[in-house]
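J.: Please work out how this folds:
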Amino acid sequence: MYKPHSAAPKKFGRRPSSFKGRPRFQKKNNSRSRGERIDFSRFIKKAIHLEEKPYVSKHTFADFPFNPQLHKNIKGAGFIHPRPIQDQAIPTVLKGADVFGMANTGTGKTAAFLLPLIEKISKTKGLSKREMVLIMAPTRELALQIESDFKTLAFGFGMFSVACVGGLPIMKQIREIKLGVSFVIGTPGRLRDLIEKKVLDLSTCHSVVLDEADRMLDMGFRDDMVFIIGKTAKERQTLFFSATLSPEIRKMTEQYLKDPAFISVISGETAKNIDQDVVRFKTKEEKLEKLHEVLKKDGSDKVLIFREMKHSVDSLAKELHTFGFKVGGIHGDKRSRERIRILDSFKHDKINILIATDVAARGLDIPDVTHVINYDVPQTYDTYVHRIGRTGRSGKKGTALTFVPA
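T.: Numbering: from 1, shown residues only. So this is what the prediction gives:
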């Protein structure tokens, strides 16, 4: 069994000369030997059980001045009490104000912007040209998740949406746009393609949402984001959602938001609910054996494993499958339909182990993850914090393990 680390922590040495490849968005000279050097002791920390006072909503969903059909859809979706971001953002968005919301994935922010925007667009029905809403997200999975939520909440309104994401047939997206849509939900690269092909006209777009704006910047989409926003109507309502307020995000909010309401629902450190430890190994064989031990332990019910390289995701998934584990793997080279199928299987417990690269896992809202395992040491400590934040949510305790060489 793996044991808590007791020896003196080690730091990164140089990468072996046999190492090839690097994450897609990493600069050439940003290897561990030249970049951030992380003390392994930072991966060891006991969880602190925090007794958080339950949030008391100022509103109920019934208090919001929504169309009766929207209230019916809210009830059908099983929403009872507004979550903090919904409670605070919905009244402000309904007033037409710009919003900068600081919120992590899994806090309910999708409904916080979808509900008031569905209400807004429903009131333009019957006009010669209905307004359009643009929602940008960093990954195809998040964009498709938002569109799925839209279809549930907009049922019965006669509104149509299109998911403009790479990896899915562009001709189908073009046909849907030409038929007429009220909500365009997509990733920056595909959205820009459609604009440059003269297919997507955003001149009637008076509502723009940037979801997980910090992740889009991390992934190198800044130029695309600026280009796309520049094609929308000058008079618009703009909503930014981000987990951080970096200098780059602050600069963009100053450029595109007019007197925004600032709403933050990030309380404390997610990592405080997470038991963090390292697992030391000497050989590749020992590393795999120790992973088996972790996965077979009671309580390892839903495990997210991170790897640095795409081919490493596939090889580990194959090895674990051989040993009888219910496992799937996702990375940027997998076809969209395959990624969607595997994610759906993980969310609905058809498999209980998901192996992913950072890019493939960005922006995903997967409930009840019991363990996050860094089978490869992350490039930076920020990446580490982002990864382990996928467990220990909603007041639940989580476990994070990082495999490090002995």
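J.: For the rest of this, base every contact and every neighbour count on C-alpha atoms.
T.: Fine.
J.: per-residue confidence for the closest residue to S246 other than its chain neighbours?
T.: Spatial nearest neighbour of S246, chain neighbours left out: D214 (7.7 Å); criterion: CA to CA, 6 or more residues apart in numbering. At D214, the model reports a pLDDT of 87.
J.: do the same with D365
T.: In the predicted model, D365 carries a pLDDT score of 69.
J.: Confirm the residue nearest to S246 sits in a helix?
T.: Yes: under DSSP: H, G, I helix; E, B strand; the rest coil, D214 falls within a helix.
J.: Contacts only, for it.
T.: Residues in contact with D214 (CA atoms under 8 Å, 6 or more residues apart in numbering) are S242, A243, T244, L245, S246, I249.
J.: out of those residues, which is most surrounded?
T.: If you count neighbours using other CA atoms under 10 Å, the busiest of these is S242, which has 21 neighbours.
J.: okay but it is in contact with G101, surely?
T.: Yes: judged on CA atoms under 8 Å, S242 makes contact with G101 at a distance of 6.4 Å.
J.: give the contact list for K310.
T.: So, once contact is read as CA under 8 Å, 6+ apart, K310 ends up touching H331, G332, D333, T357.
J.: So for it, what's the pLDDT?
T.: Here, the pLDDT recorded for K310 equals 92.
J.: follow-up on the earlier one: how near is the residue nearest to S246 to F262?
T.: Remark: distance between D214 and F262 (CA to CA, to the nearest Å) = 16 Å.
J.: quick one on the thing from earlier: restricted to helices, list the contacts of D214.
T.: Counting by DSSP state H, the contacts of D214 place I249 in helices.
J.: Most widely separated two among the contacts of D214?
T.: Checking the contacts of D214 against each other with CA to CA, the farthest-apart pair comes out as A243 and I249, at 10.3 Å.
J.: which parts of stretch 97-109 are buried?
T.: A97, D98, V99, F100, G101, M102, A103, N104, T105, T107, G108, K109 (16 or more other CA atoms under 10 Å).
J.: I'd like the distance between the fourth one and D298.
T.: F100 is 42 Å from D298, where distance means CA to CA.
J.: Nearest residue to P138 in space, please, no chain neighbours.
T.: Nearest in space to P138, with sequence neighbours left out and distances taken as CA to CA, 6+ apart, is M216 at 4.9 Å.
J.: how about the one you found, what does it touch?
T.: M216 makes contact with A137, P138, R222 under the criterion CA under 8 Å, 6+ apart.
J.: Which one of the residues you listed is nearest to I44?
T.: For the contacts of M216, the minimum distance to I44 (CA to CA) is 30.4 Å, reached by P138.
J.: what about the closest one, how many residues close to it?
T.: 27.
J.: contacting residues for it?
T.: P138 makes contact with T187, P188, D211, E212, A213, R215, M216, M219, R362, G363, according to CA under 8 Å, 6+ apart.
J.: Give the pairing partners of the host helix or strand of L354; include direction for each.
T.: L354 is located in strand 353-356, with elements delineated by DSSP states H and E. Strand partners for strand 353-356, identified by DSSP bridges, are recorded as strand 303-306 (parallel), strand 327-330 (parallel).
J.: Which residues does the last one contact?
T.: Right, the one you point to is strand 327-330. Residues from elsewhere that reach strand 327-330 (CA under 8 Å, 6+ apart): 313-314, 317, 320-321, 339, 342, 346, 351-357, 360.
J.: and those, which are buried?
T.: Using 16+ other CA under 10 Å as the burial test, these include 313-314, 317, 320, 339, 342, 346, 351-357, 360 as buried.
J.: Show me which of the buried residues of stretch 97-109 is closest to D39.
T.: Distance to D39, by CA to CA, is smallest for N104 among the buried residues of stretch 97-109, at 26.3 Å.
J.: Got phi/psi on that closest one?
T.: Taking degrees, to the nearest 10, you get phi -80, psi 170 for the backbone angles of N104.
J.: again with D87
T.: Taking degrees, to the nearest 10, you get phi -60, psi -40 for the backbone angles of D87.
J.: again, but for F403
T.: With angles defined as degrees, to the nearest 10, F403 sits at phi -80, psi 120.
J.: Same check on V99?
T.: Backbone torsions of V99, given as degrees, to the nearest 10, read phi -140, psi 140.
J.: beta partners of it?
T.: For V99, the beta-bridge partners under DSSP bridges are L239, A261.
J.: Contact partners for it?
T.: A89, T92, V93, T238, L239, F240, L257, P260, A261, F262, I263.
J.: any idea how far K178 is from the residue lying closest to G96 once chain neighbours are set aside?
T.: By the measure of CA to CA, 6+ apart, the closest residue to G96 outside its immediate chain neighbours is Q237, 6.3 Å from it. Distance from Q237 to K178, counting by CA to CA: 24 Å.
J.: cool, P68 as well?
T.: Going from P68 to K178 by CA to CA gives 30 Å.
J.: next one: D333
T.: Using CA to CA, one obtains 29 Å as the distance from D333 to K178.
J.: Next: A261.
T.: On the measure of CA to CA, A261 and K178 end up 35 Å apart.
J.: how about K287, what does it touch?
T.: By CA under 8 Å, 6+ apart, the contact list for K287 reads R280, F281, F403.
J.: let's see it at 10 Å
T.: Applying CA atoms under 10 Å, 6 or more residues apart in numbering to K287 gives the contacts V279, R280, F281, Y375, F403, V404, P405.
J.: now do M132
T.: Contacts here follow CA under 10 Å, 6+ apart; on that basis M132 touches 117, 121, 124, 161, 180-184, 201-208, 232-233.
J.: Of these, which belong to helices?
T.: Secondary-structure check on the contacts of M132 using DSSP H: residues within helices are L117, I121.
J.: Buried members of the contacts of M132 into PyMOL, please.
T.: Taking 16+ other CA under 10 Å as the burial criterion, the selection of buried members of those in PyMOL is written as:
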select buried, resi 117+121+161+181+182+183+184+202+204+205+206+207+208+232+233
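J.: Could you tell me which of the contacts of M132 are located in strands?
T.: The subset of these located in strands under the criterion DSSP state E comprises S161, F183, V184, C205, H206, S207, V208.
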